[in-house]
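Asks: No letters, just coordinates:
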């Protein structure tokens, strides 16, 4: 039940596969003899704050269901890595529990969902403000809840329901079960998990109201895949947009965020991207295609499942090492240089040209796939 909640997507899981596959369609056209030596400078600026690495943990629900270290362990690991930390409204630790795990000066983002109850929204904002969260992200692609069929089959609940099936599955996974039984029972800390609390009628006017209510620091609109919506977000008071399809967990056959990122980059500045990022090379591609920072989900959650806080630290180490190696081989010594070279028209990263092997029917190339790039 817990693994499938982490691993699954909506409906037939086409979107979640496309998110990852889209990165494989991007080639890295490396430069040789660049004369670079480690360590490289991977620092950048995200949501108004300087960070040591250009990727950070995406806000994800219910971290304690994966390991008792939960959000607090993830926050410590992110802080140690020099990455921005972000906390979900649907976390199993409240802002007041997480804040002491992160130095006061360290960048922290609070993610908020669209709730019907305005007093609940104000309470969430107050909790974030009082506990030193400098930035806010409003998630707007979950007003209608996605159809996650693995959750239906498993009878997913938070905390777990003690059905015969769940009990049997827990017995088959003694490490997780021991962690669960030896720790306090978890639940969503900030709010009760009631799908009816989401507000499908939430509009642009409501989003603008939220920006005015926060008035504390940068605020991003999370769940954007259209340039027109990105421009509208800026007009309504948002400082950044977060290109995302909710990890392929909402609308089936939605576009992969990395595919739409360049068109949104052309429309505005201040961009975060997520979805399908599982390697340091993916982080590099996201930066090259126009993101100011890249958010990761599954990589750090897999680490959390495997080893708690230590597993998250390991995930950060692996991704940081992969990113530095990719930058070195690509011949760019800093994130700023990567962006500058791409902006100058140097195609260090570009979409793969199709080959005849991709189209056994040669006529497919002649009917519209030839002459260039996907």
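Replies: Sure, I can see it. The structure displayed is predicted, hence computed values, not measured ones. Numbering: from 1, shown residues only.

Asks: Assign a three-state SS to residue 137, would you?
Replies: In three-state terms, and counting by DSSP: H, G, I helix; E, B strand; the rest coil, residue 137 is strand.

Asks: Any regions of the stretch 101-250 of the chain where pLDDT drops low?
Replies: Within the stretch 101-250 of the chain, the stretches with pLDDT under 70 are 189-198.

Asks: next helix or strand past whichever helix in the chain runs longest?
Replies: Using DSSP state H to define each element, the chain has its longest helix at helix 298-330. Per DSSP states H and E, helix 298-330 leads on to helix 335-343 as the next helix or strand towards the C-terminus.

Asks: which strands and helices sit next to that next one?
Replies: When contacts are defined as 3 or more C-beta pairs under 8 Å, 6 or more residues apart in numbering; DSSP states H and E, helix 335-343 packs onto helix 280-288. Quick note: C-beta positions are derived from backbone N, CA and C, even for glycine.

Asks: what is the mean pLDDT for the longest helix of the chain?
Replies: Mean per-residue pLDDT for helix 298-330: 97.

Asks: Tell me the buried residues in it?
Replies: Using 16 or more other C-beta atoms under 10 Å as the test for burial, helix 298-330 gives 298-305, 307-309, 311-316, 319-320, 322-324, 326-330.

Asks: just the helices in the stretch 151-300 of the chain please.
Replies: Applying DSSP state H, counting those that start in this stretch to the stretch 151-300 of the chain gives helices spanning 164-171, 174-181, 204-214, 227-235, 257-267, 280-288, 298-330.

Asks: Measure how the last one sits relative to helix 280-288, angle-wise.
Replies: Put simply, helix 298-330 runs at 70 degrees to helix 280-288, going by axes from the mean of the first three to the mean of the last three C-alpha atoms, to 10 degrees.

Asks: one step back: how far does the longest helix of the chain sit from its chain's centre?
Replies: Taking C-alpha atoms, centre = their mean, to the nearest Å, one finds the center of helix 298-330 at 14 Å from the center of the full chain.

Asks: quick one: contacts for the nearest residue to residue 160 once chain neighbours are set aside?
Replies: Leaving aside its chain neighbours, residue 160 sits nearest to residue 166 (5.5 Å; criterion: C-beta to C-beta, 6 or more residues apart in numbering). Residues counted as contacts of residue 166 (C-beta atoms under 8 Å, 6 or more residues apart in numbering) are 1, 154, 155, 160.

Asks: of all those residues, which two lie farthest apart?
Replies: Across these, the longest distance by C-beta to C-beta is 9.9 Å; it joins 154 and 160.

Asks: Quick check: closest non-adjacent residue to residue 92.
Replies: Once flanking residues are discounted, residue 92 sits nearest to residue 64: 3.8 Å by C-beta to C-beta, 6+ apart.

Asks: I'd like to know which of the contacts of residue 166 are buried.
Replies: By 16+ other C-beta under 10 Å, the contacts of residue 166 give 1, 154, 160 as buried.

Asks: Would you mind measuring from the nearest residue to residue 242 once chain neighbours are set aside to residue 210?
Replies: What sits nearest to residue 242 in space, not counting adjacent residues and going by C-beta to C-beta, 6+ apart, is residue 222, at 3.7 Å. Using C-beta to C-beta, to the nearest Å, residue 222 is found at 12 Å from residue 210.

Asks: Give me the more crowded residue out of these two.
Replies: Ranked by neighbour count (other C-beta atoms under 10 Å), residue 222 and residue 210 place residue 222 first, with 27 against 23.
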